[in-house]
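# take this sequence and fold it.
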Amino acid sequence: MNIVRGFFFMLLPAFLAGCVAAPPRETSNICAIFDEYPEWYDYAKASQEKWGTPVHIQLAFVHQESRFVGDAKPPFDWFLFIPLGRASSAEGYAQIQDPAWEDYTKENGGFFKSRTDMEDALDFIGWYNNISRNRLGISLWDPRNLYLAYHEGHGGYSRGSYRSKSSLLKVANKVDSRARQYGAQLKRCESRFKCRKWYQVGPFCD
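The predicted structure is shown next:
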């Protein structure tokens, strides 16, 4: 039995990785993204209701971190022709590093969770940003500073480590711009994703 259980846990990551969806054909329009993957709207909305980060800001994070490539990882560093390993342990839609993922799964359970699963990635973003709000006082409607805390970690953000990183500040501004773009687009199409299921009528449609 122990051998079977060990074999199962060895195969589980490969199985989950094999289920990764292809990136959306159009990533600059959140309506097109949800047209192609309407379940992603459900995941983002559930994360918003649970943790507070708006749908469009979650998707702006994913766009920046992975361009919606579910099994994305940092490239290998090389010395001549010798691979030295990856620059970090970041993985998946939200480029979540091992220590942060361990903290998240300890608090939220992690038996079947995967960084290559959009539902789990969006829930992680919501969870992390909720901590940023509680510890650092960052509004959940402030994608720029939420992203800086996401990139630098809560300790790094509180120390102001981002202030000397001009390239990171430019990226954070891009995330802010992308979130605003997605937010404006979502206002024009969200109604068709909110109430598409048979039971979402009357008071059950919000």
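# CA-only coordinates of the longest helix out of those in the chain in PDB, if you can.
Using DSSP state H to define each element, the chain has its longest helix at helix 166-189. C-alpha atoms of helix 166-189 as PDB (Å, rounded to 0.1, in the frame of the first residue of the first chain):
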ATOM      1  CA  SER A 166      13.500  51.300 -11.700                       C
ATOM      2  CA  SER A 167      12.800  48.300 -13.900                       C
ATOM      3  CA  LEU A 168      10.400  46.800 -11.300                       C
ATOM      4  CA  LEU A 169       8.600  50.200 -10.900                       C
ATOM      5  CA  LYS A 170       8.000  50.200 -14.700                       C
ATOM      6  CA  VAL A 171       6.600  46.700 -14.500                       C
ATOM      7  CA  ALA A 172       4.300  47.700 -11.600                       C
ATOM      8  CA  ASN A 173       3.100  50.600 -13.700                       C
ATOM      9  CA  LYS A 174       2.400  48.200 -16.600                       C
ATOM     10  CA  VAL A 175       0.300  46.000 -14.200                       C
ATOM     11  CA  ASP A 176      -1.600  49.100 -13.100                       C
ATOM     12  CA  SER A 177      -2.300  50.100 -16.700                       C
ATOM     13  CA  ARG A 178      -3.300  46.500 -17.600                       C
ATOM     14  CA  ALA A 179      -5.600  46.300 -14.600                       C
ATOM     15  CA  ARG A 180      -7.300  49.600 -15.600                       C
ATOM     16  CA  GLN A 181      -7.700  48.400 -19.200                       C
ATOM     17  CA  TYR A 182      -9.100  45.000 -18.100                       C
ATOM     18  CA  GLY A 183     -11.500  46.800 -15.600                       C
ATOM     19  CA  ALA A 184     -12.900  49.000 -18.300                       C
ATOM     20  CA  GLN A 185     -13.400  46.000 -20.700                       C
ATOM     21  CA  LEU A 186     -15.000  43.900 -18.000                       C
ATOM     22  CA  LYS A 187     -17.700  46.600 -17.300                       C
ATOM     23  CA  ARG A 188     -18.900  46.000 -20.900                       C
ATOM     24  CA  CYS A 189     -19.100  42.200 -20.800                       C
END
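# for that helix, what is the average pLDDT?
Helix 166-189 shows an average pLDDT of 99 in the prediction.
# tell me the spacing between the residue nearest to the spatial centre of the chain and residue 24.
By CA atoms, centre = their mean, the chain has its centre lying nearest to residue 94, at 3.5 Å. Here residue 94 is placed at a distance of 16 Å from residue 24 (CB to CB, to the nearest Å). Every residue, glycine included, has its C-beta placed from N, CA and C.
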